[in-house]
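Trainee: Starting from these lines, generate the structure:
(4 chains)
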Protein chains: 4
Amino acid sequence: MPVTIFGASGYAGLELATLLASHPAVAVVGHASDNFAGKAVGNFARGPVGAAVFQRVEAVLEAPAKVAFLATPNEASYALARKLVDRGVRVIDLSGAHRLRDATAQKHFYGLDLPAYPDGALAYSLPEVLRLDRAAFSALSVIANPGCYATAIALALAPVVAAGLVVGAPIVDAASGVSGAGRKATEAYSFTELANDFRSYRALRHQHVPEVRQLIGLEQPIHFVPHLLPVARGILATTHVTLAEPLTPAAVESLYAARYAGEIFVKYVEDPEEVRLSRVVGTNRCRLSAVLDETGTHLTIFSAIDNLLKGASGQAIQNLNLLLGLPETTGLEALS
Amino acid sequence: MPVTIFGASGYAGLELATLLASHPAVAVVGHASDNFAGKAVGNFARGPVGAAVFQRVEAVLEAPAKVAFLATPNEASYALARKLVDRGVRVIDLSGAHRLRDATAQKHFYGLDLPAYPDGALAYSLPEVLRLDRAAFSALSVIANPGCYATAIALALAPVVAAGLVVGAPIVDAASGVSGAGRKATEAYSFTELANDFRSYRALRHQHVPEVRQLIGLEQPIHFVPHLLPVARGILATTHVTLAEPLTPAAVESLYAARYAGEIFVKYVEDPEEVRLSRVVGTNRCRLSAVLDETGTHLTIFSAIDNLLKGASGQAIQNLNLLLGLPETTGLEALS
Amino acid sequence: MPVTIFGASGYAGLELATLLASHPAVAVVGHASDNFAGKAVGNFARGPVGAAVFQRVEAVLEAPAKVAFLATPNEASYALARKLVDRGVRVIDLSGAHRLRDATAQKHFYGLDLPAYPDGALAYSLPEVLRLDRAAFSALSVIANPGCYATAIALALAPVVAAGLVVGAPIVDAASGVSGAGRKATEAYSFTELANDFRSYRALRHQHVPEVRQLIGLEQPIHFVPHLLPVARGILATTHVTLAEPLTPAAVESLYAARYAGEIFVKYVEDPEEVRLSRVVGTNRCRLSAVLDETGTHLTIFSAIDNLLKGASGQAIQNLNLLLGLPETTGLEALS
Amino acid sequence: MPVTIFGASGYAGLELATLLASHPAVAVVGHASDNFAGKAVGNFARGPVGAAVFQRVEAVLEAPAKVAFLATPNEASYALARKLVDRGVRVIDLSGAHRLRDATAQKHFYGLDLPAYPDGALAYSLPEVLRLDRAAFSALSVIANPGCYATAIALALAPVVAAGLVVGAPIVDAASGVSGAGRKATEAYSFTELANDFRSYRALRHQHVPEVRQLIGLEQPIHFVPHLLPVARGILATTHVTLAEPLTPAAVESLYAARYAGEIFVKYVEDPEEVRLSRVVGTNRCRLSAVLDETGTHLTIFSAIDNLLKGASGQAIQNLNLLLGLPETTGLEALS
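Mentor: Numbers count the residues shown, from 1 in each chain, chains lettered A, B, ... in the order given. Predicted structure coming up:
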């Protein structure tokens, strides 16, 4: 199965290129990047990708294959998806352009109208939270791949929200490595500015909040503050909820274990200090743990992922596998 | 005025040694450290400290001067303070041993009984939150210097708590540089283990919670989760409170500006992204800012300090100055 | 083919455990580590390793399999190798205990006597520099795996030394990530001590110098200064040689390209700024490049490897494959 | 004495602003920066700088004071110096524009002609290597402040070169923190690209080589390779020389101690591992040490400085003090 990658020189795009190079069912036939056109992909990828060379976007659009990954900015993805679908290409979009279903939120957070595709042609897929069935997948033209923070937060909240245990607004403080901002040629993201530093950004204003609420069906708001860590990769989300009734640690562990039973990439661990970047970076895993206060009604949930893998390219491969009717872990075995 | 430092080879102790070396009113006559005894202080300090050499604790106890700083672990401070006070020495303790006034909390968090000193001989001092008057200071034998997290959190919460605006339990996620753990010869704090990592520790169980509640008179609990940053120095605290009534950003700014008017080391800034480690590390400053949600009833407050300066040695110099009846900023001008 | 790993909880041992878990021809039947005995290997490994649990050394020695990897300190490897060989186990030793053939150097640098094994039973193997033939390999009881710095330096020097081009003593300044020191529970290797720092260590006294000279047959000394980088992984060696005659950049490139033609893990690149840690960490690659001065007689060669992979466990897998008569890249495809 | 700073928002410019704010003999009356014009200097400086606001270059040129510091790029400094001297302003230039006296090198490395000033009006000053006398200083219009690498290398080489001990070309591998590159809005200097990385740049082609040779009167070339460290600040230079005759460690120490006797900012220490970034960053110090090989004829010298202080702004203050006839350490006491 030939596939193409748009935005292939970005951090998520390069991870995709590496993962797809060893995927048994597909072959990447185009790595689109206007900025890097002509350069060898292998010079930048972390693993073997053969002799591939970045091509200009227009060139790849001429032979876009059957499936295309968009690891491009929101506006670019929005426009490219349309062009590709019109050519009969199925699209997995890693940007935020196709995630929201509320026109006001879409306009507010992305400055875009809702994308108009026929019913059933567009869906959002975070498999471990809401797994579409095979029939639904086979009808899709555009798969919206989840946001990185949204992945970490939704995996943390889904079990307690689904159990009807959450009272009031969850509060989430999360921190991400700098690669989450993509390739940046700005002073604010220069090494000297960020080394040894830590700060918040877009506090209470981040675009992944409506995405999480839509996904897990949460009525109440989420007070979410992202922070910028002086590391390249990884997200740790610390999520606070007030529980409707007191729980025990064992009950919490059971709830999460049951919810994610059989999910190879999501694992609840007993020790919250083991939910840390070093245990997930370089993998497609999400690690979860939680702590209760003395009353058993305040629950703090920890979730950690690699923002470029489970938070982007690894999850996109899961979605590719579902699209192709393959086992969900195909090509991701070494990252589990 | 001759002073001595116990625990002088620790990270806070070395900062103290450097600050005191250029303080116009005092001279350090003893740097106690059993581990570093015989080594030159100047080899480890970040600034000029003259030709001083670390001495054994017993040697310094024989000539403890009129004022002694304890930058030692809790148990050591507890025992040393007693010995020093018995010899007529006034003590500024940077450890947690003398901070709490509740016997249960003291036992639970520090494993110690409450220290027994005559009325008025022992007090806790975080000047910008609760400034003791000169008479009170002049009667003190033991000054409990605040904890690093407690400083950042109390400065964030004091204005809104004092204004009676806080409903329910504040939630605090804070992150500290590794020097907050002191000198460590353990695998868990080795460079390779912590580089590129980020994780929580002692979630909902940290000993600075009772300290903050006692200081600002907070009835409700605080749900506090500390995190370990892959940097050497600095603390950022992100504090969430539910407000009793909606506020505007201007009202929040006024509240903080009014509360800290005249405080040279505490400054509210408009842009929350400017409350970051790089703006406070190497200084005795606390920077504050805050953000409101759309309803004006969820307030997120950011506070940043250098854990070794405003969170330890710099604040101890403030307390020394108050003890000696000097201007509070004496010797700290370059760090303001 | 069942294999065992001694020192399995060390940084190189954990990499070995991960690589071997996906190696098609072997199965790890024992992960020996007295310190971590009883803990799950999977909690520390960067990839899937199944349900394995660390066992005590004595327990693994009772069922040591047919091949054992020693990722243990020098003295431990020296003693373990003897025990294992006596039980008919073939040993791949990642330590320095079995590398040198000169008794004086062995005593001076390792404090050990030369290991006494029958002729042909012990050999040193850095495949891309000196590849033993299959017959030699099949007779081996103990394979000495190269040192990390030695690998980087030998790969840089071998082509010009073999061509008889080097006059006088090469000068090497190299820098390594902290994982090269192994797991450390010492203050000197704590995060706070090493963050933002850079320094030399064992200048002109490092034990990998005799190893390189022996391997590439260099008569003259090497003036080698290792430095400690504030990163977890990776080595960059900057090697200076005076050439017997002026060379052109093209001639240098030809020399290296010819020497390493067909070597999948060693690659000469034109741009010396592309010989950098980020291009090799996480891989079994060595990247090389070089620069000439204006006279064409001073050559500076750059070589970069991941100290834990090409500098330790990856190379050990190459040696395992040669021992088993498998293609040298078996199980390392994703790291090429 | 009123002074102005051009390039005041750069990393060296901000350090200058901070140092000059507490200098007892001067007052900064203009902080020129077109990019930051209108912003408060205090928001970016590491210490107290009062209420100063960055102004546009043209505005500061209108009232340039009696002494101006240029912390601007080479071409800007070249042009600004001329304008300022024409207005009777004395200039201390931290850029490379006025350092070289050889027209070919100036053109090759800086793309500039030699600056034309009357005899005695222009001089290069690295006080501890070549201290101009008071008369010479009082006649200067333009003082060329040394380069950061040049400072570290010249301080390392001067004693052995002056003693006529060096045979052949010295070899220098040095590593600098990223702030040495100045404020950068380029992808290559972004955090994600440089974190955990290490590489060379401009190998055997760096512009500080002619500067060092000119300063210490070295006939032979220097083979110099700079490297980029993943830290914000600091330079460590590792310099190798072949000695004309064998020396003992004691003789080396004597040579350096004698050469730098009385120099408060330059100190030879016995242990080469104590020549490390952490001992000099934040200070105006240079630390030196050295190691001999077994024959006593290969000498490796280590030198470490803070590139923004002793390598730029701190040294510029030394030169200001000399210009004003003040003690050389004025305003730098806390950095000694």
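Trainee: tell me the mean pLDDT for stretch A:209-217?
Mentor: What stretch A:209-217 shows for mean pLDDT is 98.
Trainee: er, stretch A:87-96 I mean
Mentor: Computed over stretch A:87-96, the average pLDDT equals 98.
Trainee: what about A:Ala174, helix or strand, and which?
Mentor: In this assignment (DSSP states H and E), A:Ala174 forms part of strand A:166-176.
Trainee: what's the angle from that strand to strand B:166-176?
Mentor: 20 degrees (axes from the mean of the first three to the mean of the last three CA atoms, to 10 degrees).
Trainee: Strand A:166-176 pairs with which strands?
Mentor: Applying DSSP bridges, strand A:166-176 is found paired with strand A:223-228 (parallel), strand A:235-243 (antiparallel).
Trainee: Touching the shortest one from outside, list them.
Mentor: Counting contacts by CB atoms under 8 Å, 6 or more residues apart in numbering or on different chains, the residues outside strand A:223-228 that touch it are A:149, A:153, A:169-176, A:178, A:181, A:194, A:197-204, A:206, A:208-209, B:175, B:236, B:238, B:240, B:291, B:293, B:298, B:300. Backbone N, C-alpha and C define where each C-beta goes, glycine included.
Trainee: And stretch A:39-57, how far out from the chain middle?
Mentor: 23 Å (CA atoms, centre = their mean, to the nearest Å).
Trainee: And for A:Phe224, the neighbour number?
Mentor: When neighbours are defined as other CB atoms under 10 Å in any protein chain shown, A:Phe224 has 25 of them.
Trainee: measure the nearest residue to it once chain neighbours are set aside to A:Leu126 for me?
Mentor: Nearest residue to A:Phe224, sequence neighbours excluded (CB to CB, 6 or more residues apart in numbering or on different chains): A:Val172, at 4.5 Å. Using CB to CB, to the nearest Å, we find A:Val172 at a distance of 16 Å from A:Leu126.
Trainee: and what of A:Asp34?
Mentor: For A:Asp34, the distance to A:Leu126 equals 30 Å [CB to CB].
Trainee: Who has more neighbours out of these two?
Mentor: Taking other CB under 10 Å, A:Asp34 and A:Leu126 do not tie; A:Leu126 has more neighbours (26 against 13).
Trainee: Look up how far C:Gln55 lies from the nearest residue to that one once chain neighbours are set aside.
Mentor: Leaving aside its chain neighbours, A:Leu126 sits nearest to A:Pro146 (4.4 Å; criterion: CB to CB, 6+ apart). Distance of A:Pro146 to C:Gln55, given as CB to CB: 40 Å.
Trainee: between these two, which one's more packed in?
Mentor: Between A:Pro146 and C:Gln55, counted using other CB under 10 Å, A:Pro146 has the larger neighbour count: 29 against 23.
Trainee: Go ahead and confirm that one touches A:Gln214.
Mentor: No. If you go by CB atoms under 8 Å, A:Pro146 and A:Gln214 don't touch, sitting 10.8 Å apart.
Trainee: OK, contacts around the residue of the stretch 1-150 of chain A found nearest chain C?
Mentor: Using CB to the nearest CB, the closest approach of the stretch 1-150 of chain A to chain C is made by A:Pro48 at 5.0 Å. With contact set as CB under 8 Å, 6+ apart, A:Pro48 has these partners: A:Thr18, A:Ala21, A:Ser22, A:Gly42, C:Glu333, C:Ala334, C:Ser336.
Trainee: ok, the third one - contacts?
Mentor: So the one you mean is A:Ser22. A:Ser22 sits next to A:Gly47, A:Pro48, A:Gly331, C:Glu333, C:Ala334 when contact means CB under 8 Å, 6+ apart.
Trainee: Confirm A:Ala158 sits in a strand?
Mentor: No. A:Ala158 is assigned helix when assessed by DSSP: H, G, I helix; E, B strand; the rest coil, not a strand.
Trainee: Touching, it and A:Leu218? I think so.
Mentor: No. The criterion here is CB under 8 Å, and A:Ala158 misses it with A:Leu218 at 9.6 Å.
Trainee: which one of those two has more residues nearby?
Mentor: Neighbours of A:Ala158 and A:Leu218, each counted by other CB under 10 Å, are more numerous for A:Ala158; the result is 23 against 18.
Trainee: Mean pLDDT per helix and strand in chain A: which one sits at the bottom?
Mentor: For chain A, the helix or strand with the lowest mean confidence is helix A:134-138, at a mean of 92 (criterion: mean pLDDT, DSSP states H and E).
Trainee: Quick one: residues in contact with that helix.
Mentor: By CB under 8 Å, 6+ apart, the surrounding residues in contact with helix A:134-138 are A:Gly120, A:Ala123, A:Ser125, A:Leu322, A:Leu323, A:Gly325.
Trainee: Show me what counts as buried in it.
Mentor: Buried residues in helix A:134-138, counted by 16 or more other CB atoms under 10 Å in any protein chain shown: A:Phe137.
Trainee: just to revisit the earlier point, overlap in contacts of A:Pro146 and A:Gln214?
Mentor: Common neighbours of A:Pro146 and A:Gln214, using CB under 8 Å, 6+ apart, are A:Arg99, A:Tyr124.
Trainee: Am I right that A:Ile153 is in a helix?
Mentor: Yes. Under three-state DSSP, A:Ile153 sits within a helix.
Trainee: Near it, how many other residues are there?
Mentor: When neighbours are counted by other CB under 10 Å, A:Ile153 comes out with 29.
Trainee: tell me which parts of the stretch 1-150 of chain A are close to chain C?
Mentor: A:Ser22, A:Asn43, A:Arg46, A:Gly47, A:Pro48 (CB under 8 Å from any CB of the partner chain).
Trainee: Out of those residues, which sit inside helices?
Mentor: Under the assignment DSSP state H, those contribute nothing to helices.
Trainee: Helix, strand, or coil at A:Val29?
Mentor: Three-state assignment for A:Val29 (three-state DSSP): strand.
Trainee: Distance across stretch A:202-211, terminal residue to terminal residue?
Mentor: End-to-end distance for stretch A:202-211, by CA to CA, to the nearest Å: 16 Å.
Trainee: Please apply the same query to stretch A:258-273.
Mentor: Start-to-end span of stretch A:258-273 (CA to CA) is 22 Å.
Trainee: Could I get the buried residue list for it?
Mentor: A:Arg259, A:Tyr260, A:Ile264, A:Phe265, A:Val266, A:Lys267, A:Tyr268, A:Val269, A:Pro272.
Trainee: contacting residues for the second one?
Mentor: Neighbouring residues of A:Tyr260 by CB under 8 Å, 6+ apart: A:Glu128, A:Pro159, A:Val266, A:Lys267, A:Tyr268, A:Leu288.
Trainee: ok, it to A:Thr238 distance?
Mentor: 19 Å.
Trainee: Same question for the fifth one.
Mentor: Distance of A:Val266 to A:Thr238, given as CB to CB: 17 Å.
Trainee: A:Lys310: what secondary structure?
Mentor: helix.
Trainee: any chance you could map the strands in chain A?
Mentor: Using DSSP state E, the strands of chain A run over A:2-6, A:27-32, A:67-70, A:90-93, A:122-124, A:142-144, A:166-176, A:199-200, A:223-228, A:235-243, A:266-268, A:286-292, A:298-305.
Trainee: The last one: partners in the sheet, and parallel or antiparallel?
Mentor: Strand A:298-305 pairs in its sheet with strand A:235-243 (antiparallel), strand A:286-292 (antiparallel), by DSSP bridges.
Trainee: Compare the ones you listed and report which one is nearest to B:Val252.
Mentor: Closest to B:Val252 of these is strand A:235-243 (CB to CB; 21.5 Å).
Trainee: Looking at the stretch 201-336 of chain A, what residue ends up closest to chain C?
Mentor: For the stretch 201-336 of chain A, CB to the nearest CB, closest residue to chain C: A:Ser336, 5.1 Å.
Trainee: ok so, going back, now, which of the contacts of A:Ser22 sits nearest B:Asn284?
Mentor: Closest approach to B:Asn284 among the contacts of A:Ser22 (CB to CB): A:Gly47, at 47.8 Å.
Trainee: And that closest one, how far from A:Ala232?
Mentor: 16 Å.
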